[in-house]
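1. I need the structure of the sequence given here:
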Amino acid sequence: MQRIIFTNARGQSVELKSSAPFLLQSINGLGDVDADIQIQKAPFQDGSTYIDSVLQERPISLEVVILADKSILLEKRQYLASVFNPKLGKGVLRYENGETIREIEAVPDGVPTFPSGQDNRGPTFQKALVNLICPNPYWKSTEITEEPTFEPLFQFPFEGVFEIGVQRDLRIIMNDGDAPTPVFIEFHGPAVNPMIVNRTTGEFIKVNQTLGENEIMEIDTTPGKKSVYFIQPDGTKRNVFNWIDLESTFFQLVVGENEIEYSADSDIQGAIVNISYRKLYNAV
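-> Just a heads-up that it's a prediction; the model follows:
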């Protein structure tokens with residue numbers, strides 16, 4: 001059973017499903033996104049040379065029927081228009097269908113339309129049309145996958161907590177989505193000039209700084225949102241983009257296997273490096 005939940009920037013949500021008060025009649029745009037095929041042509045060349053394919057924004061349209069008593073029908077219609085308010089900017093559209101759950105950022109492309117006529121409006125029902133634009137066309141997995149440096153193997157019931165495990169300074173991360181995905185990295189001190197390398201692509205991110213005990217470095221490689229923050233033991237957070245080595249690349253996990261290695265100019269035994277990411281999909 002399909003279910004749609006849209007949450008706007010103000011935190012208001014509306015649930016569209018196969019029952020009242022907001023009955024989802026149809027949804028378009030789950031998979032169909034146009035691609036801009038980029039090619040170039042040299043003088044006297046037969047045909048052209050393919051360069052790349054770039055996906056366009058994803059349009060999504062929803063057909064909804066508001067079902068309610070006559071006394072509250074107008075209130076439900078006003079609430080739907082309030083949630084899908086284009087002036088609030090981007091919201092999050094959540095799609096659920098059985099075990100498949102995906103999310104995508106979306107902006108209402110205008111206020112919902114409430115058509116008139118006896119087939120579209122009555123004492124206890126009102127049809128509505130909602131159009132959305134998704135600037136980033138990819139659906140995201142809802143669960144963030146974390147790859148900790150320390151992988152517990154087993155534990156004995158001693159007093160307190162005592163674990164035996166394996167220190168993972170080299171790991172394989174499999175991205176079985178449809179596109180390269182950004183990563184969120186946490187370096188936990190102590191460490192001197194910590195560095196993480198994607199050996200599959202040869203790209204790396206290096207921090208030219210010494211991290212003390214209980215100090216954390218957060219790095220986000222999301223295009224348009226790239227950031228580097230240093231968190232002190234007392235929780236104080238500040239922007240330290242200038243600490244990043246100039247030859248670093250804010251890499252993404254390529255589709256398929258990624259061999260990730262962590263190193264530093266000091267002993268990394270006991271170090272913690274967490275990698276988080278969300279897989280991207282062309283369709284649901």
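
2. And for Leu129, nearest residue in space, chain neighbours not counted?
-> Of all residues beyond its chain neighbours, the one nearest Leu129 is Thr113 (4.3 Å), with distances taken as Cβ to Cβ, 6 or more residues apart in numbering. Where C-beta positions appear, they are placed from N, C-alpha and C, glycine not excepted.

3. quick one, phi/psi of that neighbour?
-> The phi and psi values for Thr113, taken as degrees, to the nearest 10, are phi -90, psi 130.

4. number of nearby residues for it?
-> Counted by other Cβ atoms under 10 Å, the residues lying close to Thr113 total 12.

5. got it, and Asp265?
-> Look at Asp265: counted by other Cβ under 10 Å, it has 13 neighbours.

6. just the helices in this protein please.
-> Counting by DSSP state H, the chain has helices at residues 70-83.

7. Any regions of it where pLDDT drops low?
-> Across the chain, the ranges flagged by pLDDT under 70 are 145-168, 267-271.

8. residue with max distance from the center of this structure?
-> Phe44 (44.4 Å; Cα atoms, centre = their mean).

9. Looks like Leu16 contacts Leu24 (just checking).
-> Yes. Leu16 is in contact with Leu24 according to Cβ atoms under 8 Å; the separation is 4.0 Å.

10. the more surrounded of these two?
-> When neighbours are counted by other Cβ under 10 Å, Leu16 and Leu24 differ, and Leu16 comes out ahead with 24 against 18.

11. Can you tell me how far the more buried one is from Asp46?
-> Using Cβ to Cβ, to the nearest Å, Leu16 is found at 51 Å from Asp46.

12. before we move on, the earlier item: can you list residues touching both of Leu16 and Leu24?
-> The contact sets of Leu16 and Leu24 overlap at 3-4, 62, 64 (Cβ atoms under 8 Å, 6 or more residues apart in numbering).

13. Same list, these, but as CSV with distance to Leu280 and neighbour count please.
-> Conversion of the shared contacts of Leu16 and Leu24 to CSV gives the following (distance: Cβ to Cβ, whole Å; neighbours: other Cβ atoms under 10 Å):
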residue, distance to Leu280, neighbour count
Arg3, 21, 16
Ile4, 20, 20
Leu62, 22, 22
Val64, 27, 24
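
14. Give the single residue among these positioned nearest to Gly29.
-> Nearest to Gly29 among those, counting by Cβ to Cβ, is Leu62 at 8.8 Å.

15. Could you check how far the closest one is from Phe204?
-> When distances are taken as Cβ to Cβ, Leu62 and Phe204 turn out to be 43 Å apart.

16. What segments of the stretch 151-284 of the chain are strands?
-> Using DSSP state E, counting those that start in this stretch, the strands assigned to the stretch 151-284 of the chain run over residues 163-167, 170-175, 184-188, 191-192, 195-198, 203-206, 210-211, 216-220, 227-231, 237-239, 256-263, 272-277, 280-281.

17. next one: the longest one to chain centre, how far?
-> Right, strand 256-263. Here strand 256-263 is found 21 Å from its chain centre; the criterion is Cα atoms, centre = their mean, to the nearest Å.

18. Can you check what angle separates that strand from strand 272-277?
-> With axes from the mean of the first three to the mean of the last three Cα atoms, to 10 degrees as the basis, strand 256-263 and strand 272-277 are set at 160 degrees to each other.
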